[in-house]
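Visitor: Here's my sequence, what's the structure:
(one chain, ligands or ions: 1)
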Amino acid sequence: MLPLLKNRLSIQANVARLVKKLDVGGEKMEKNKYKYIVVGMGAGGATLAMELAKKSKQVVLLEKGRNETRLGTFRDSLRFYDANKITMMPAKSKEGTILWRTVMAGGSTVVSCGNGVRCLEDELEVLGINLEAEFTEAEAEMKVSTYDERRLSTGSKKILEVSKQLGYHMEPMPKFIDATKCRRCGMCQFGCKYGAKWTALDYLDVAKKNGAEILYNSKVQKVLVENGKVKGIGLISSHGYSEILADVVILAAGGIATPVILQQSGIQDAGQGLFMDLLVNTYGVSKDLTQTNEPTMALVDHGFYKSKGFILSPFINQSRLVRFIEMGVKGIFMPAERLLGIMTKTRDDSAGKVYPDGTFSKPVTDADRARLDEGSSISRDILVKAGIDNKSIVVTKVQGAHPGGTAAIGRVVDKDLQTKVSNLFVCDGSVLPRSPGMPPILTIAALAKRLAKTLA
Ligand SMILES: Cc1cc2nc3c(=O)[nH]c(=O)nc-3n(C[C@H](O)[C@H](O)[C@H](O)COP(=O)(O)OP(=O)(O)OC[C@H]3O[C@@H](n4cnc5c(N)ncnc54)[C@H](O)[C@@H]3O)c2cc1C
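Guide: I've put the predicted structure just below:
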């Protein structure tokens, strides 16, 4: 009880300090007013805050979640995944599509599989956005390198071998995982307890060292607007409701929360066009192969991406409880150590919608279904050729982990990521013009680096 109370008092003190603070830097324009407020500390928010702080800009970061230090197990993940705390069921759309996302400092980058790939380059180029310099910079900082084939599990080695025989293009995935620290526990999506994976917390550290102020447990509710211009934000914390004033506000609360804040702030066209990069996993039980001892998604096949709109990548969920969520009772009895699996990740239709109360709709359209079915059918062929008994093969429910498109460039924000409210920007997965169908962290980080240059 005592630590909880202490935590609460310290949060109250911090909010009070920020709200009342009168003068902390050269760029302060007037009393109780900041230059930049960044909302959310994930891929977009942490990158932007780091870049602004490095340019000596005065930045305050506001984060709904906590700074989690215990990572790596299903139990840990219950604290930060967006899920019902009693039933443990993850957030779902009105139609039942599962959404995996976290609410915590670092956002969903903390639970990523460490995949560092460029995506949407052509689509952004058409919109007048060239990210070459920013991609190169982020790749160097995150130390992106192709996964070492020699460190593959026996299961993925077999998948690689038979995929080639079948004429497919499976190859090692580019990763921001430090091979010298990675213990190949295969638990990437519960957070890395060995610190082997780049996360937005790394950028946050740089932001802090360069003077950025950070406030956790602070849920931003709305943006304050006056005469078409940003004035600040309203937030809820254990301190109650407070307001912080700023010249510039950048929303980076992710593809679900950002459109909620925008709608609460009078930008009603936000929330439309939700994509999630819908996926299914195709699992089968092997006699003697395992996929447990490697980072998840160690390989990728982009061969179907342009023509069919999906990628394939070896993937299993080691946790029985997560498999129960994915496929019901059957999932509990599949032996993790002999499980082989391939994920079909698709470029889904932007047919969903986020509502002002945070609920969302995400229908699986006929075209989505066709992409998922074709990918899982190819996955089944690969698994059978790898020696898996066809009868053991199960395809999971439809899921997604890349929500975005809900404040898309060209619709809700312009190519400089500014909304119709002057000095209100968006910098997260919401701005992506369409479903990438690929891991988007690198692209979101590159967009944030570009925005920092524009703002500075
Ligand atoms: C299990 C899993 C594995 C993944 N693996 C990969 C991968 O390998 N490679 C890859 O590129 N992508 C991966 N992704 C996707 C990637 O993590 C996300 O697409 C990316 O983090 C989105 O960035 P963002 O800035 O839009 O949002 P986030 O990174 O989610 O950040 C949003 C932040 O806002 C905070 N927030 C939310 N609401 C509020 C509020 N009201 N007020 C204040 N703060 C708020 C959140 O707590 C969070 O810190 C994975 C996702 C999941 C779930």
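Visitor: any chance you could map the strands in the stretch 51-200 of the chain?
Guide: All strands of the stretch 51-200 of the chain, identified by DSSP state E, counting those that start in this stretch, fall at 59-62, 98-99, 145-146, 170-172, 174-175.
Visitor: now those in CSV, with mean pLDDT and distance to the ligand?
Guide: No exception for glycine: its C-beta is placed from N, CA and C like everyone else's. Converted to CSV, the strands of the stretch 51-200 of the chain look like this (pLDDT from 0 to 100; distance: least, CB to the nearest ligand atom, whole Å):
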stretch, mean pLDDT, distance to the ligand
strand 59-62, 97, 5
strand 98-99, 98, 8
strand 145-146, 98, 14
strand 170-172, 98, 14
strand 174-175, 98, 8
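Visitor: okay, those strands, which one's buried deepest?
Guide: strand 59-62 (a mean of 26; mean count of other CB atoms under 10 Å).
Visitor: list the helices and strands it packs on?
Guide: strand 33-39, helix 43-54, helix 200-209, strand 213-215, strand 240-251 (3 or more CB pairs under 8 Å, 6 or more residues apart in numbering; DSSP states H and E).
Visitor: State the helix or strand in which Thr344 lies.
Guide: strand 339-346 (DSSP states H and E).
Visitor: sorry, back to before: out of the helices and strands packed on strand 59-62, flag the one nearest the ligand.
Guide: Among the helices and strands packed on strand 59-62, helix 43-54 comes nearest to the ligand, with 3.5 Å by CB to the nearest ligand atom.
Visitor: That closest one - what's its average pLDDT?
Guide: Across helix 43-54, pLDDT averages out at 98.
Visitor: and the angle for that helix with strand 240-251?
Guide: Angle of helix 43-54 versus strand 240-251, following axes from the mean of the first three to the mean of the last three CA atoms, to 10 degrees, is 80 degrees.
Visitor: Please state the offset of helix 43-54 from the chain centre?
Guide: What separates the centre of helix 43-54 from the centre of its chain is 16 Å, taken as CA atoms, centre = their mean, to the nearest Å.
Visitor: helices or strands up against that helix?
Guide: Looks like helix 43-54 contacts strand 33-39, strand 59-62, helix 200-209, helix 441-455 (3+ CB pairs under 8 Å, 6+ apart).
Visitor: Now do the contacts for the residue nearest to Val103 when sequence neighbours are not counted.
Guide: Nearest residue to Val103, sequence neighbours excluded (CB to CB, 6 or more residues apart in numbering): Gly65, at 4.2 Å. Neighbouring residues of Gly65 by CB atoms under 8 Å, 6 or more residues apart in numbering: 80, 102-105, 216-217.
Visitor: can you name the two of the residues you listed that are farthest apart?
Guide: Thr102 and Asn217 (14.7 Å; CB to CB).
Visitor: Restricting to C-alpha, output stretch 420-430 in CSV.
Guide: What follows is stretch 420-430, C-alpha atoms only, in CSV (Å, rounded to 0.1, in the frame of the first residue of the first chain):
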residue,chain,number,x,y,z
LYS,A,420,-6.2,22.1,-39.7
VAL,A,421,-5.6,23.5,-36.2
SER,A,422,-2.5,25.7,-36.4
ASN,A,423,0.5,24.2,-34.5
LEU,A,424,-1.3,20.9,-33.8
PHE,A,425,0.7,18.0,-35.4
VAL,A,426,0.3,14.2,-35.4
CYS,A,427,3.4,12.0,-35.4
ASP,A,428,2.6,8.3,-35.1
GLY,A,429,1.0,5.4,-37.0
SER,A,430,-2.2,7.4,-37.5
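Visitor: Let's have the strands of the stretch 51-200 of the chain in TSV, adding distance to Leu120.
Guide: Shown next, in TSV, are the strands of the stretch 51-200 of the chain (distance: least, CB to CB, whole Å):
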stretch	distance to Leu120
strand 59-62	26
strand 98-99	20
strand 145-146	21
strand 170-172	20
strand 174-175	16
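Visitor: Indicate which one of the ones you listed is closest to Lys362.
Guide: Of all these, strand 98-99 comes closest under CB to CB, at 7.6 Å.
Visitor: other SSEs contacting the closest one?
Guide: strand 399-400.
Visitor: after the strand it packs on comes which helix or strand?
Guide: Past strand 399-400, the next helix or strand by DSSP H and E is strand 424-426.
Visitor: ok, the residue in the stretch 1-150 of the chain that the ligand sits nearest to - how many residues close by?
Guide: Closest approach between the stretch 1-150 of the chain and the ligand, counting by CB to the nearest ligand atom: Gly42, at 1.9 Å. Gly42 has 33 neighbours, counted by other CB atoms under 10 Å.
Visitor: For Leu339, give me its contacts.
Guide: Leu339 touches 283-286, 290-292, 316, 318, counting by CB under 8 Å, 6+ apart.
Visitor: how near is it to Phe315?
Guide: 10 Å (CB to CB, to the nearest Å).
Visitor: hang on, the earlier thing: what are the pairing partners of the strand holding Thr344, and which direction each?
Guide: strand 279-285 (antiparallel), strand 310-314 (antiparallel) (DSSP bridges).
Visitor: Now Ile388: closest residue in space that isn't a chain neighbour?
Guide: Nearest one to Ile388, counting by CB to CB, 6+ apart, is Gly284 at 3.6 Å.
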